[in-house]
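Q: Model the following, please.
(2 chains)
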Amino acid sequence: MMKKTPVTFTLNGRPTAAFADPGENLLDFLRRGVGDMTPKYGCGQGTCGACTVLIDNEPHLACITLAESAADREIRTADCLSDGPSLDPLQNSFIEHFAAQCGYCTPGMLMAARALLERNPNPRREEVIDAIAGNICRCTGYEPIVDAILDASRSYRRSAI
Amino acid sequence: MTVEFRKDIFANERNDDFDQIGHARIRQDIEGHVRGRSPFYDDHQFEGLLHVRCVRSPHHHARIRAINASAAEAMPDVVRLIWPGDIPKNMNTLLSLIDFGRDDEPLLAERKVSYVGEPVLAIVATSVLAAQKAVESVVVDWEVLPHVLDVEEALKPNAPVVNDEYPNNCFDYHDRYDHQKLRFGDVKEAFSQADHIVEAEYQMSPIEQAPVETCGAIAAPETNGRIVCYTSTQALFFSIGVTGKLLELPSSRLHFIGGTVGGGFGGKVDSQHEPFAVLGAMLTGRPVKYMWDRAEEMQYGAPRSGERWRIRDGAMRDGRIIARSFTGFFDAGAYTRLTSYGVQKCTGHLPGPYTIPNVASNIFCVYTNRTPSTAMRGFGITGVDFAIECQMDRVAEAVGMDPIELRILNAYRDGDMKAHRRPAKNCALIECCQVAAQKSEWRLSPAAISRSSIEGGGEGWRAEIPETVVDGEGGIGNRKRQWQDTEPLSGTGIRRRVPVGTSTDHPATGNAPQHEDMVAEVARLGFKIDAGHSVQRPSLSEPSEGLRHRHANAETSFGRALGAGPSLPSGYDRTRPPASPGPARSSPPANEPIPAHSRHERDKSEKPFQRGVKRPGVSPFISGTRRR
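A: Numbering: from 1, shown residues only, chains lettered A, B, ... in the order given. All right, here's what the predicted structure looks like:
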């Protein structure tokens, strides 16, 4: 058996270290190796967006990212959004707009939206649609999600993230 | 308009204040969703987790001569091979738990495979990659057999037999018929009187449910010989039942945990994963996960069945549709799963939401060498609705009428008799059409705008339903000789006329009788068909000869045979002797199907349902009163 590789990185602001199997993807590494279950497996081929995480503030598909490439980077998952019992405005907006049904695509959707709002706090509707174009949702029909993200952008601007 | 609510259902569990509509309500599970903490089955971690992958058929249809798995067995990361012989009872059908259909599908094929991807051997290994490598090392000696992929080809004589349990390549309804039928009125006679005949064929492809979470299950040994199983299932008790049956385990040994489903849409009822995970955990003593990857989900996950429809309508110049016949083929794939039930659901839905006095359908549940098909969002209904609504547009074109006005004219209204001999209630299609027209700025005539679902139902021509013609065709074994003859009532089989009326009026009709408790409920709710509407002399604008009146005087006769038959209008066609509509307690002829519910009828308790919940029409699908 090939040797495991130690990988040190920052996960949601906390210094983290774990061993990656050779060729292991970042999704399996985060879920099995580190224990952060918020990124989800949907396709394993970079088409559904359920595994979206932020690497140095850029959205990436964890299922087609090598675990070793996370070394010394700053990784954020949906687990970073809430602070204990209090939710992020984006999460509250998803609740208010009924933007989740089964909830499986939601963590990836939230991270894609978060990346957009950090980059562009005042997005147009088309820009929101473009930002989540790589995230498949089979339940909601997307409209509530787009509404929720637009509404969250107003909350973000008020609280100036 | 007022809407009548079915307050009798769950009467003691609701307070009828109806204050929820118009208020936003927060989903009870949504906080877990936005935190990413909702416990999907794959979010449960187990130390030393093993993984299952299956060796699958690359052929549509092939006999298994031999399987050489010695290379896989020698691999250090392979923990266990699961052979068909390891499965205590390797034959099941999904609906056997409600006694519908015969066991026809093995968990692992032993002698032959009937679709591309059918599993023949399962391998349990320490990682998905190791299991995949082991699968690739297995050599199977296949004897490729001729296959059939088209529903009508499969019904031809000498077509390859897909499923040994059903050698005619179609599901056996009521243990004696090769299709599910509906007969109401006399379509043949009505077609001969129609001004326009509109015929067309429609076809729907199979559709994959494609949930974002793929199907899977994780099982691990618990204490006291129990196995815990986390599963993606959307039908937890199906999964327990199927697993218990295949593995011959009492359900007390199975601790199943589900409820958080990453999208199901019908594709997570088939219970294909839990038996492998539980058996793997029992054979290895370790936690075992069987999870489909995306390719398996799309290729081997059971989709909505493909359907083919031939619909023939007889319409009058004024737009009334007086007859509609259906010939339908549902592609079950290689095994039954839920398609047999989809066909029944579909039959219960015909002829769509329209008042048509003459309806006949023959629907086949056909086996082909395709992936088995199962539930998906309204399966059995949505496909035929597509066909029906396309057909409505074609009829509108044929009679030169606005398509929405045609629908408004023919739509069910409260009090109309449906093809299943139950009165239509709480109808709203006319109002839907009016709102849709208004929103899309579609001009309707003042007459169409003024129509209402609560006016005119069961009156005039809408009440004129001729005697029903039934026939003896469709027996198992006959169809292979005369497979082309699928148009309802076109064959030469035995013809018989049965009296008009609701099925409860005439137990001799051979149609499934309504449950007594349902009948009592209908009477209690006070539903009436106004006897004053029972006889109407036809006017010039109304249906022509032969489509003569009937309207049961059902005011007090639900559950009882009529004391005297309804009087016949003077224009009744005397050349055709009417079957006696009088006391109809004669026993059904021997060649009639045994009503599906009759064997349940005898041991039914007087109380319809326990725990104070009044429930009309207790379904045989609910175990409440018929636990054995």
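Q: quick one: contacts for residue 122?
A: Answering for chain A, as no chain was given. By CB atoms under 8 Å, 6 or more residues apart in numbering or on different chains, the residues touching residue A:122 are A:153, A:157. (Each C-beta comes from the backbone N, C-alpha and C, glycine too.)
Q: Not quite, go with chain B.
A: Applying CB under 8 Å, 6+ apart, the residues contacting residue B:122 are B:52-55, B:81-82, B:108, B:276, B:280, B:290.
Q: what's the answer for residue B:147, then?
A: B:59-61, B:160, B:162, B:369.
Q: how close does it sit to residue B:308?
A: 18 Å (CB to CB, to the nearest Å).
Q: Residue B:474 against residue B:180, yeah?
A: No. Between residue B:474 and residue B:180 there is no contact under CB atoms under 8 Å: 9.1 Å.
Q: can you list residues touching both of these two?
A: Going by CB under 8 Å, 6+ apart, residues that sit against residue B:474 and also against residue B:180 are residue B:362.
Q: Buried residues of the top helix by length along chain A, list them for me.
A: Looking across chain A with DSSP state H, the single longest helix is helix A:143-159. Within helix A:143-159, the residues scored as buried using 16 or more other CB atoms under 10 Å in any protein chain shown are A:144-153, A:156.
Q: Stretch B:289-306 too?
A: So for stretch B:289-306, counting by 16+ other CB under 10 Å, buried means B:289-294, B:296-298, B:300-306.
Q: Pull the distance from that stretch to the chain's centre.
A: Relative to the centre of its chain, stretch B:289-306 is centred 21 Å away, using CA atoms, centre = their mean, to the nearest Å.
Q: what's the first-to-last distance across that stretch?
A: 31 Å (CA to CA, to the nearest Å).
Q: same question for it, mean pLDDT?
A: Stretch B:289-306 carries an average pLDDT of 96.
Q: Over to stretch B:312-325?
A: 96.
Q: The closest residue to chain A within the stretch 151-300 of chain B - nearest residue in space that isn't next to it in sequence?
A: Nearest to chain A in the stretch 151-300 of chain B, going by CB to the nearest CB, is residue B:262, at a distance of 3.3 Å. The shortest distance from residue B:262 to any non-neighbouring residue, by CB to CB, 6 or more residues apart in numbering or on different chains, is to residue B:213 (2.4 Å).
Q: show me the contacts for that neighbour.
A: Residue B:213 neighbours (CB under 8 Å, 6+ apart): A:40-42, A:102, A:104, B:40, B:42, B:232, B:261-263.
Q: neighbour-wise, which of the residues you listed leads?
A: Using other CB atoms under 10 Å in any protein chain shown as the neighbour criterion, residue A:104 leads the contacts of residue B:213 with 30 neighbours.
Q: now for the longest helix seen in chain B, which elements pack on it?
A: As assigned by DSSP H, the longest helix anywhere in chain B is helix B:382-399. The contact analysis (3 or more CB pairs under 8 Å, 6 or more residues apart in numbering or on different chains; DSSP states H and E) places helix B:382-399 against strand B:196-204, strand B:307-315, strand B:321-333, helix B:339-349, helix B:403-410.
Q: Ranking those by mean neighbour count, which comes first?
A: Highest mean neighbour count of these: strand B:321-333, a mean of 28 (counted as mean count of other CB atoms under 10 Å in any protein chain shown).
Q: Strand partners (parallel or antiparallel) of that strand?
A: strand B:307-315 (antiparallel), strand B:359-367 (parallel) (DSSP bridges).
Q: Quick check: closest non-adjacent residue to the residue nearest the centre of chain B.
A: Averaging the C-alpha coordinates of chain B gives a centre point, and the residue nearest to it by CA atoms, centre = their mean is residue B:342 (2.1 Å). Nearest residue to residue B:342 in three dimensions, chain neighbours excluded: residue B:380, at 3.6 Å (CB to CB, 6+ apart).
Q: The one you found against residue B:346, yeah?
A: Yes. Assessed by CB under 8 Å, residue B:380 is found in contact with residue B:346 at 4.0 Å.
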